[in-house]
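J.: What would the 3D arrangement of this be:
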Amino acid sequence: MIITIDPHSATPIFQQIHDRIVEAISRGDITPGQQLAPVRALALDFGINPATVKKAYDLLVSVSYTHLTLPTIYSV
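T.: Numbering: from 1, shown residues only. Next up is the predicted model:
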């Protein structure tokens, strides 16, 4: 999954992650059943706190774009 964020944007990073994933789903770049990058891996890629990624993923779950299966796998 390739997404970009702008650390200088007025939009919070968790919201940017959420928005980029929603856009990727809308374009068909991320398809149903596809797993999202693990929280820690995405956090490491961006150099951000894992809690920020988790907040973005949890927001996706709350609006039914993704679902969570245990052990902590987020899928579209």
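J.: tell me the mean pLDDT over stretch 36-43?
T.: For stretch 36-43, mean pLDDT is 94.
J.: Next: stretch 19-33.
T.: Mean predicted confidence for stretch 19-33 is 92.
J.: what about that stretch, start to end distance?
T.: 19 Å (CA to CA, to the nearest Å).
J.: Identify each buried residue in the longest helix along the chain, please.
T.: Taking DSSP state H as the criterion, the chain has its longest helix at helix 13-27. Across helix 13-27, burial judged by 16 or more other CB atoms under 10 Å covers 13-14, 16-18, 20-22, 24-25. C-betas here are computed from N, CA, C, even on glycine.
J.: can you give me how far that helix is from the chain middle?
T.: Its chain's C-alpha centre and that of helix 13-27 lie 7 Å apart, by CA atoms, centre = their mean, to the nearest Å.
J.: any idea which helix or strand comes after that helix?
T.: Sequence order places helix 39-46 as the next helix or strand after helix 13-27, per DSSP states H and E.
J.: got the contact list for residue 11?
T.: By CB atoms under 8 Å, 6 or more residues apart in numbering, the residues touching residue 11 are residue 19.
J.: same thing but at 6 Å, please
T.: Listed by CB atoms under 6 Å, 6 or more residues apart in numbering, residue 11 has no contact partners.
J.: How is it assigned, secondary-structure-wise?
T.: Classification of residue 11 using DSSP: H, G, I helix; E, B strand; the rest coil returns coil.
J.: any idea how far it is from residue 5?
T.: Going from residue 11 to residue 5 by CB to CB, to the nearest Å gives 9 Å.
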